[in-house]
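J.: Sequence isn't available, so here's the structure alone:
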């Protein structure tokens, strides 16, 4: 029998606005070139302490012999999921194979957690495997919900603006399991709505779009440009808005047009920011890359949230793919790379970039092993309904919309001035002039909030 349709969607925003700052009017390419203490140092001349490999493999050995708790293991699983999903998106979408891929692992995991709550049998096994969870029961949902909600709750009173929401939009009079309703509210803090999809799909469209707009600071207002199908019985949604300023912003007067080497045959001229200062920094011979961290500002000037930029040593999308495959060989590679960084005086150049894209997740999730969810004959979402006799339910689509912009000031916030530093010896030049990875990382929970691979800024 043909199953009825459910939709799952997740939206996320990390929007940004530049704010004018008065600095000396330097031409940074000439300025950097004239500094005798600044040069691009060959990899063999870096200090041994710059290399991350020893710490990464030490972390690997510790994890293999001393497994962490639920939160730690779940965070590492979401780190791996980020890399796997990026690879799967590129491999299964011809338009994105040489384009920018940006998404929120936290936002997507929140939707999949609600799917897992509704699922049984093979579908439940597939969802839990994709999320790296095992032996999923009600207690698992409370723990996982707490982990996913922690990022927003802990930053509620800081200069970081974070808004999050999860919602269950149900067809009117649909007999829903009391367990699903209770756990979606208590474990995942979900809003519950009853909508008349059959007779008033336009009204349902307006309400869903308003809910999304309210939780993304009106950055995403048209997730559903058309009304949902009248046969829709369920829509699960997750929305995330992130707003933060760099702890040490880039100097806007240094932003200039500079070449970005997409490949050996393609070069773009892009607005490129520059700053000199102390940042978390490391290099990896094993991964053939280097990494810097850009902390976001909070009330106490701590740096719970940071953006990390991972730069392959060679240009081209193919080297991004190779880097991601290498990263998957290490079980805690994001935490390992972050933990291996050390404060180091660095001259950093980074393209300003903006992404506003809708990513179809169904092909990528299929490739990761989540197949029965989309198959009317195999989908098992019986945990949602009060009675299995009410008919099969399957998922038609998974919508993911991302709006993200990186500028001199950070992410939609006022800027602070960067202190000038005096240094001895050579200062490494971290020049982001080719395709790169980035992730916005919560140091406390070890969760990747946003993830992206940028090919064309």
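T.: In hand now; what should we look at? What you see is a predicted model; the values in this text were computed from it and never measured.
J.: what's near enough to touch the residue nearest to residue 177 when sequence neighbours are not counted?
T.: Nearest residue to residue 177 in three dimensions, chain neighbours excluded: residue 386, at 5.3 Å (Cβ to Cβ, 6 or more residues apart in numbering). For every residue, glycine as well, the C-beta is placed using N, CA and C. For residue 386, the contact set (Cβ atoms under 8 Å, 6 or more residues apart in numbering) comprises 175, 176, 177, 178.
J.: go on, residue 323?
T.: With Cβ under 8 Å, 6+ apart, residue 323 has these contacts: 287, 288, 289, 310, 312, 437.
J.: Residue ranges in the stretch 251-400 of the chain under the pLDDT threshold?
T.: Along the stretch 251-400 of the chain, the parts satisfying pLDDT under 70 run over 299-302, 388-391.
J.: Please, where are all the helices along it?
T.: All helices of the stretch 251-400 of the chain, identified by DSSP state H, counting those that start in this stretch, fall at 317-328, 333-340, 362-367.
J.: The stretch 1-150 of the chain too?
T.: Along the stretch 1-150 of the chain, the stretches classed as helices by DSSP H, counting those that start in this stretch are 28-34, 53-65, 70-92, 105-118, 121-130, 138-154.
J.: do you know which of those helices lies nearest residue 258?
T.: Closest of those to residue 258 is helix 28-34, at 6.9 Å (criterion: Cβ to Cβ).
J.: pLDDT on that closest one, on average?
T.: Average pLDDT, helix 28-34: 46.
J.: residues of stretch 255-263 that come out buried?
T.: 255, 256, 258, 260, 262 (16 or more other Cβ atoms under 10 Å).
J.: for the third one, what are its contacts?
T.: Meaning residue 258. Listed by Cβ under 8 Å, 6+ apart, the contact partners of residue 258 are 29, 269, 270, 272, 349, 351, 433.
J.: Please indicate which of these are buried?
T.: Burial by neighbour count, judged by 16+ other Cβ under 10 Å, picks out 270, 272, 349, 351, 433 from these.
J.: The first one and residue 349 touch, don't they?
T.: The reference is to residue 270. No. The criterion here is Cβ atoms under 8 Å, and residue 270 misses it with residue 349 at 10.7 Å.
J.: Just checking: what are the partner strands of the helix or strand containing residue 438?
T.: Assigned by DSSP states H and E, residue 438 belongs to strand 436-442. In the sheet, strand 436-442 lines up against strand 305-312 (antiparallel), strand 447-454 (antiparallel) (DSSP bridges).
J.: Looking at the ones you listed, which is nearest to residue 242?
T.: Residue 242 lies closest to strand 447-454 among those, at 6.4 Å (Cβ to Cβ).
J.: can you tell me the average pLDDT over the closest one?
T.: In this model, strand 447-454 has an average pLDDT of 91.
J.: Give me the distance between it and the centre of its chain.
T.: Remark: strand 447-454 is offset 3 Å from the chain centroid, using Cα atoms, centre = their mean, to the nearest Å.
J.: Any chance you could list what contacts that strand?
T.: Contact with strand 447-454 is made by 12, 14, 75, 78-79, 82-83, 85-86, 90, 100-106, 147-148, 151, 240, 242, 305, 320, 324, 334, 351, 353, 355, 402, 404, 435-442, as judged by Cβ under 8 Å, 6+ apart.
J.: List phi and psi for the closest residue to residue 149 other than its chain neighbours.
T.: Nearest residue to residue 149, sequence neighbours excluded (Cβ to Cβ, 6+ apart): residue 189, at 6.0 Å. Backbone geometry at residue 189, expressed as degrees, to the nearest 10, gives phi 50, psi 40.
J.: from memory residue 189 sits against residue 168, does it?
T.: No. Using Cβ under 8 Å, residue 189 makes no contact with residue 168, being 11.3 Å away.
J.: Which one of these two is surrounded by more residues?
T.: Using other Cβ atoms under 10 Å as the criterion, residue 189 and residue 168 rank with residue 168 on top: 23 against 17.
J.: what's the longest strand in the protein?
T.: The residue-count maximum for a strand in the chain (DSSP state E) belongs to strand 266-284.
J.: Report the contact partners of the closest residue to residue 406 other than its chain neighbours.
T.: Leaving aside its chain neighbours, residue 406 sits nearest to residue 353 (5.5 Å; criterion: Cβ to Cβ, 6+ apart). With contact taken as Cβ under 8 Å, 6+ apart, residue 353 is in contact with 100, 270, 405, 406, 454, 457.
J.: make it 6 Å
T.: 406, 454, 457 (Cβ atoms under 6 Å, 6 or more residues apart in numbering).
J.: possible to save those as a markdown table with distance to residue 215 and neighbour count?
T.: Formatted as a markdown table, the contacts of residue 353 follow (distance: Cβ to Cβ, whole Å; neighbours: other Cβ atoms under 10 Å):
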| residue | distance to residue 215 | neighbour count |
| --- | --- | --- |
| 406 | 21 | 26 |
| 454 | 26 | 22 |
| 457 | 27 | 21 |
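J.: nearest to residue 211, of those residues?
T.: For the contacts of residue 353, the nearest to residue 211 is residue 406 (26.9 Å; Cβ to Cβ).
J.: where's the closest one, which helix or strand?
T.: strand 393-406.
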